[in-house]
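Sequence and computational prediction follow.
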Amino acid sequence: QVQLVESGGGLVQAGGSLRLSCAASGRTFSDYVMAWFRQPPGNEREFVAHISWNGRTTYYADSVTGRFTISRDNTKNTVYLEMNSLKPEDTAVYYCAGSKSLSARTSAFNNWGQGTQVTVSS
């Protein structure tokens, strides 16, 4: 298991930017595909983006493509989510997650952080 702690959430106006970080400890970080998911109020958790073990492959949900960027620094055991041009519909609790497989399915991830709230005001 790898332990994950997110940070960087907050309140931002529409059109603004935020950078989320997720620090990992425990198992070898580079063994894990890392992803960001989010859970909007009253909705199910949904996939946002993932990044492969070495950072060479990334994949995004259509709703965030072109606005969000996922990256990782294996020397710092940290994954990031740069969020630009934020919209009110991006409001959600954002979770980072780790998996041994390259997937966008929630069920493929068995290591989760506690989440960080992102609120985008109109």
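Good, I have the coordinates.

from here on, contacts and neighbour counts on C-alpha atoms
OK.

Which pLDDT value belongs to the most centrally placed residue in the chain?
Most central in the chain under CA atoms, centre = their mean is Trp36, positioned 2.3 Å from the mean C-alpha point. Model confidence at Trp36, expressed as pLDDT, equals 98.

Just the CA trace of the helix or strand hosting it, in PDB.
Element membership of Trp36, judged by DSSP states H and E, is strand 33-39. Provided in PDB are the C-alpha atoms of strand 33-39 (Å, rounded to 0.1, in the frame of the first residue of the first chain):
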ATOM      1  CA  VAL A  33       0.100   4.600 -12.000                       C
ATOM      2  CA  MET A  34      -1.200   7.800 -10.400                       C
ATOM      3  CA  ALA A  35      -4.500   9.400 -11.100                       C
ATOM      4  CA  TRP A  36      -6.800  12.200 -10.000                       C
ATOM      5  CA  PHE A  37     -10.500  11.700  -9.500                       C
ATOM      6  CA  ARG A  38     -13.200  14.100  -8.400                       C
ATOM      7  CA  GLN A  39     -16.600  13.900  -6.700                       C
END
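
so what strands line up beside it?
strand 46-51 (antiparallel), strand 92-99 (antiparallel) (DSSP bridges).

what does the last one contact?
Contacts of strand 92-99 from elsewhere in the structure, counted by CA atoms under 8 Å, 6 or more residues apart in numbering, are 2, 4-6, 22, 32-41, 108-119.
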